[in-house]
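Novice: just coords:
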């Protein structure tokens, strides 16, 4: 029977196996010389290394905060776009681009929304005088550009954190594999000694 161990279970399993291994070390070492104090030290170092690696929780917390800030800003901006849509409609302009922008925001397609926001901002800037006659504030274009910059920065930060987490897991596959090899070796030798 093959047992699958999830990454987050490696360190606790290692600690559990280490306790039994240290307790039974004299009996196991009598039959398998390789399983000695040096092996115990290496095994403990691997467990410690994995526990240190599991500090990716810090990255997860950072990602959560950036995502939450991004979502709050997107939600507020989505509501603000209703006013822009009204200005467009009152000026006789098509609101299709704003609808596409809002749909992109709602579906979580931030990159697509940013592209659409750029074109909406350019159109609004080109028709600023007409839109201001419909009630758009004098600083509205600047606010759109500031929103673009802010959402873009949060999106880039979120992407960067996700890539860092992926790289961390990828770079540390060998450490997990080494700890698993120790756990499997100790388990196998223990079964032989105590069967």
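Specialist: Yes, it's here. Since the model is a prediction, treat every value here as computed from it, not as a measurement.
Novice: Need the residue closest to the centroid of the chain.
Specialist: residue 162 (3.8 Å; C-alpha atoms, centre = their mean).
Novice: element containing that one?
Specialist: helix 140-171 (DSSP states H and E).
Novice: which helices and strands sit right next to that helix?
Specialist: If you count contacts as 3 or more C-beta pairs under 8 Å, 6 or more residues apart in numbering; DSSP states H and E, helix 140-171 packs onto helix 56-91, helix 110-126, helix 128-133. Where you see a C-beta, it was placed from the backbone N, CA and C, and this is true even at glycine.
Novice: Pull the contacting residues for residue 153.
Specialist: Contacts for residue 153 (C-beta atoms under 8 Å, 6 or more residues apart in numbering) come out as none.
Novice: Residue 138: what secondary structure?
Specialist: Following DSSP: H, G, I helix; E, B strand; the rest coil, residue 138 is assigned to coil.
Novice: From the structure, what's the count of residues near it?
Specialist: 8 (other C-beta atoms under 10 Å).
Novice: So what's the predicted local confidence for it?
Specialist: Here the pLDDT value assigned to residue 138 is 96.
Novice: In this structure it contacts residue 129, no?
Specialist: No - the criterion here is C-beta atoms under 8 Å, and residue 138 misses it with residue 129 at 10.5 Å.
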